[in-house]
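In: structure for this input, please:
(2 chains)
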Amino acid sequence: MDLNTIGTPISGSFHRIDAQAKVTGRAEFGDDLILTDMLYCKGVYTKYAHAKLLSVHTEAAEKAPGVVCVVTAADIPGAKQFGELYIDQYPLVYDKARFLGDVIAVVAAETQAQADAAAKLVTAEYEELPVLGSPKEAINNEQVINPDYPTNVCGGVHVIKGDAKAAMETADVVVTGHYSTGFVEHAYIEPESVTVIPSRMRPEVTVLGSIQAPYNLRITLHRMLNLPMARITVKPSIVGGSFGGKIESAEALAVRAGLVALKTGRPAKYTLTREESIQESYKRHPIDFDVTLGAKSDGTLVALHVEALGDAGCYINMSPPVMYKTATLGPGPYKVEHVDYNAVAVLTNNPHTGSMRGFGTPQAIFALENAMDVLAAKLSMTPTELRRKNLLGNGDISPCGHKLDFHEVSIRSVMEKAAEALDFDRKYQQYSKENQDPNRRIRRGVGISVSMRGASVGADGNGFDYSRALIEVEEDGSVHVNIGLVDLGQGLRTCQGMMAADMMGVTFDRITMGETDTSRSPSTGACIASRGTFVGGAAIKSACSRIHAIIAQALQIHYGKSVADIRFSNNRVTFGDVDIPFEEAIHICYGLGMPPMAAGDNRVPVLNWDGHFGEPFYTYTYSCNAAEVEVDLDTGSVYLVKMVGSHDMGRAINPTMAEGQIYGGMAMALGMAVMEDLGHNPKTSAIKNLNLENYLLPTAMDFGETIPIIDAHPDPRSASGGRSLGEPATENGAAAIACAINHALGKPGCIHQLPADLDRVFFAANPPAGKEGR
Amino acid sequence: MSQVQLQFRLNGKDYSIQADPTQRMVDLLRENLHLTGTKVGCGVGECGACTVVLNGEAVTSCLVLAGQMQGADILTVEGLSETQIGSILQQCFVDGDAVQCGFCTPGFLMSAYALLLHNPHPTREEIKVAVSGNLCRCTGYVPILNAIEAAGLRLAAEGK
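Out: Okay, here's the model as predicted:
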């Protein structure tokens, strides 16, 4: 039996299996859960961004109407901190507050209104500490945020390949530039909501709600609430968008609601308002970049040196792995022999920063691609000419020392398709010429950006990149698939179902995808790092192969003949001269006491990467965005006229849903590029824009045309041929838009800070007297 | 706040209930009537997730007081399937993959319903304006606009 050729090619665009429930309002999201006897929670935030907490007074709140209990950090029976990789986050302030999103107490009452009112009665005494509002200020400051990190530096990755310094001396042209990006909010439309239901039988809880990483949440509750992991069941509700954001944010709520549930024996729901969500949830890292890029006069890149400084905020969260991706993927899909890329994250009293779609790369690509345009201008080349000269091809060594000889390195084709769809080269020439006219106040510009994205976690995550699935074939031949990789709205469940149907050799209607339930689906890591399809597919394939082996064994016993050539396809099982329906084969299995059930597993091979050479990732998705903008010099406003997102994700399991990812990725990139700004104050660490009336998201009115392109080349390193798309869809979009704005302004690299909002673009177009724009 | 008797028509049925007229309409729908298809995303009328149709107009129910429901004819996502426009819209959203996480979906459907009620054959620009008060973070809007456009065409084909 050749397990590599089972099944038929995955095909078609099936409707999402949850779409009907979502268009009728029946889909149950976290806050939709209503239980009798349920309590409602409300958090009380610290008054100061950095302060020792001397005492908390809850007595008045406890006596308020409807209040059942108030909990503080003193009520936590186990560890006081949690975290995925670094255990340093406080869901309730214990010794000191570290940012304005820290919570000092939680009030639980019979109604939300009663909890809200009583929360105002909680008071506290603090001893204020100096606030560190920026990484530059925090590095080596005598004020230390976490005593384990005395310099406030909490992690980093330094990629060194060749000798960038010496090589830079040999370059004909060297460009330098400073680039920086701000905080970006995930802005899932559903604010976080978690409900913890205590068992009536024994110390045990069930957790529902907007949860991206159920197994991580279970570990956190185990550590903090002193419950055995086997007595913590996590069943995520339908999740209203996450983008990396509902991991630690959900865990903090689960700990707080869990304390209430265990103390009262009643279900406790904890839903955040939008303001609370923006106040306490983690963000995309703001990163400052100093880029030095050298090339020969013919455009051949010689050396890249980048110093990147990321703001980790008050908790380490995912900062070290984020810096890993900044440093290993920031150098782009280019042939460059000498690389020195140093990415460092620093603790501050700002909102902490962690997983967000892109994970450290949108910022780095913005910096590099603008530097590429500055270099192109200096060499009198166009942006596409310079990129064509340097893009990777089959067998080339990546900037981080990975020999790419195991799949089609398609970035050239991916870029050409995007450039063609936008008519980039012609428009670049036309607009460059038109923009010479000083009387033209509405300028047009085009920008292009490229990237390679490591699928799943990289060598920094060696060991925990595994996946598992449990599949059971019922007596009627229907197939129940349980997998703990949560559908976050991207359609993962549908994709998994399609892969399961293909790999089992049955039609899609035979597959039932179980809702994620940690008591039924074996632990499988989280749906992060664009790994859901990639590693989920491999676990499903493994389980299907094991089930096929069980069926084959049963049929061999039943028929008493060889099943060496057994095949499973389109609801039929065939071998030798036998050709029977799948359900008949299953019936035979049950009759022999061999019901087919199997857990499948998959481990991404250990990756060897030494900081210079090796495999920083297992495989890559290649992407290009091309954007066209109109810039009004008199107002500073930017309109995205057209944008093309071109991607090689290996294989699009469901092409329609893949396009949906690309459309959404472009809109998210537009927000980061021109409008999303938290209004963070580096003196106080306060956020001004706490709701969507001033934290602006793109609407349907804010852009013209967006075009997705799928340029797929199946990957031999993937069970399904498919790789990743979630993060590639957005990671280089902001770079393309910024490059287009700078082209319109006639000054490559001129906008060097995101977002390129009205003020920045206006002053870049109209520099104050005596201050020429760069 | 004291309770009053509120009478209104909701999803084609007549209601007469005791409720606090100063509570938000969205809370009355979700908490009193357990109609949780209408979502709360921001509480300030910016995201549109709580959009319902009140006397034929799309409104953000987080900015409407329960008292304003007195005597009104209201449609929420739970009642859409019973209407011709609504069921066509739902089918077009499913067919066109206009739904990802689905949290914003009820709001978009209700804005689109109000649009098609008054203007069965809208232009692309009119569709964009009609849903400009609805935020979506997943789809990049294009599949949603396509779905509403397709619904308009299907309505035309069905002779509306």
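
In: ok, now which ones touch A:His660?
Out: If you look again at residue A:660, you'll see it is Gly, not His. The neighbourhood of A:Gly660, defined by CB atoms under 8 Å, 6 or more residues apart in numbering or on different chains, consists of A:Gln490, A:Gly491, B:Asp97, B:Gln100, B:Cys138, B:Thr139, B:Gly140, B:Pro143. To be clear about C-beta, it is placed using only N, CA and C from the backbone, and glycine gets the same treatment.

In: now intersect these with the helices, please.
Out: For the contacts of A:Gly660, the ones inside helices are B:Pro143, with DSSP state H as the criterion.

In: can you add neighbour count and give the contacts of A:Gly660 back as CSV?
Out: What follows is the contacts of A:Gly660, written out as CSV (neighbours: other CB atoms under 10 Å in any protein chain shown):
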residue, neighbour count
A:Gln490, 28
A:Gly491, 31
B:Asp97, 24
B:Gln100, 31
B:Cys138, 31
B:Thr139, 26
B:Gly140, 31
B:Pro143, 23
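
In: farthest pair within the contacts of A:Gly660?
Out: Taking CB to CB as the measure, the contacts of A:Gly660 reach their widest spread between A:Gly491 and B:Gly140, a distance of 14.1 Å.

In: which residue sits closest to the residue of the stretch 51-200 of chain A found nearest chain B, ignoring its sequence neighbours?
Out: For the stretch 51-200 of chain A, the nearest residue to chain B under the criterion CB to the nearest CB is A:Glu190, separated by 4.2 Å. In space, A:Glu190 comes closest to A:Gly240 once its chain neighbours are excluded; the distance is 2.4 Å by CB to CB, 6 or more residues apart in numbering or on different chains.

In: repeat for B:Leu29
Out: Leaving aside its chain neighbours, B:Leu29 sits nearest to B:Leu35 (4.6 Å; criterion: CB to CB, 6+ apart).

In: next: A:Thr699.
Out: The shortest distance from A:Thr699 to any residue that is not its chain neighbour, by CB to CB, 6+ apart, is 5.1 Å, and that residue is B:Ser132.

In: contacts only, for the one you found.
Out: When contacts are taken as CB under 8 Å, 6+ apart, B:Ser132 is in contact with A:Thr699, A:Ala700, A:Met701.

In: so the first one: helix, strand or coil?
Out: Same thing as A:Thr699. Following DSSP: H, G, I helix; E, B strand; the rest coil, the label given to A:Thr699 is coil.

In: distance of it from B:Arg137?
Out: Look at A:Thr699 and B:Arg137: by CB to CB, to the nearest Å, they are 11 Å apart.

In: between the two, who's got more neighbours?
Out: In this view A:Thr699 and B:Arg137 are compared by other CB atoms under 10 Å in any protein chain shown, and B:Arg137 has more residues nearby, 29 against 18.

In: how many neighbours does A:Met38 have?
Out: The burial count assigned to A:Met38 is 17, neighbours taken as other CB under 10 Å.

In: correct me, but it touches A:Thr264?
Out: No: here A:Met38 lies out of contact with A:Thr264, judged by CB atoms under 8 Å, at a distance of 10.5 Å.

In: how is the chain divided into domains?
Out: I'll assume chain A. A:19-25+A:466-603, A:33-129+A:192-271, A:363-454+A:619-765 (automatic domain parsing).

In: oops, wrong one, chain B.
Out: When chain B is parsed into structural domains using automatic domain parsing, the resulting residue ranges are B:4-78, B:80-157.

In: minimum distance to A:Val506: which of those domains has it?
Out: Comparing those against A:Val506 with CB to CB, the closest turns out to be domain B:80-157 (23.3 Å).

In: got the end-to-end distance for that closest one?
Out: The first and final residues of domain B:80-157 sit 20 Å from each other (CA to CA, to the nearest Å).

In: pLDDT of that domain, averaged?
Out: Summarised as a single mean, pLDDT over domain B:80-157 is 97.

In: what does stretch A:118-125 give?
Out: When pLDDT is averaged over stretch A:118-125, the result is 98.

In: could you pull out the helices for the stretch 451-600 of chain A?
Out: Per DSSP state H, counting those that start in this stretch, the stretch 451-600 of chain A carries helices over the ranges A:492-504, A:532-559, A:582-591.

In: among those, which is nearest chain B?
Out: Proximity to chain B (CB to the nearest CB) singles out helix A:492-504 among the helices of the stretch 451-600 of chain A, at 10.0 Å.

In: which other residues reach that closest one?
Out: Outside of helix A:492-504, the residues that reach it under the criterion CB under 8 Å, 6+ apart are A:6-10, A:12, A:14-18, A:471, A:473, A:479, A:481, A:483, A:485-487, A:507-508, A:510-511, A:513, A:527, A:532-533, A:536-537, A:540-541, A:544-545, A:547-548, A:568, A:653-654, A:657, A:720.

In: let's go with 7 Å and repeat that
Out: Residues from elsewhere that reach helix A:492-504, judged by CB atoms under 7 Å, 6 or more residues apart in numbering or on different chains: A:6-8, A:10, A:14, A:16-18, A:479, A:481, A:483, A:485, A:487, A:507-508, A:510-511, A:513, A:527, A:532-533, A:536-537, A:540-541, A:544, A:568, A:653-654, A:657, A:720.

In: before we move on, the earlier item: looking at the contacts of A:Gly660, which is nearest A:Ala60?
Out: Nearest to A:Ala60 among those: B:Cys138, at 42.7 Å, using CB to CB.

In: distance-wise, check the closest residue to that closest one other than its chain neighbours relative to A:Arg16.
Out: Closest residue to B:Cys138 in three dimensions, ignoring its sequence neighbours and counting by CB to CB, 6+ apart: B:Gln100, at 3.5 Å. With the distance defined as CB to CB, B:Gln100 ends up 8 Å from A:Arg16.

In: shared neighbours of those two, anything?
Out: For the pair B:Gln100 and A:Arg16, residues contacting each of them under the criterion CB under 7 Å, 6+ apart are A:Gly491.

In: show me what contacts A:Ile278?
Out: Residues near A:Ile278 by CB under 7 Å, 6+ apart: A:Glu185, A:Ile687, A:Leu690, A:Asn691, A:Tyr695.
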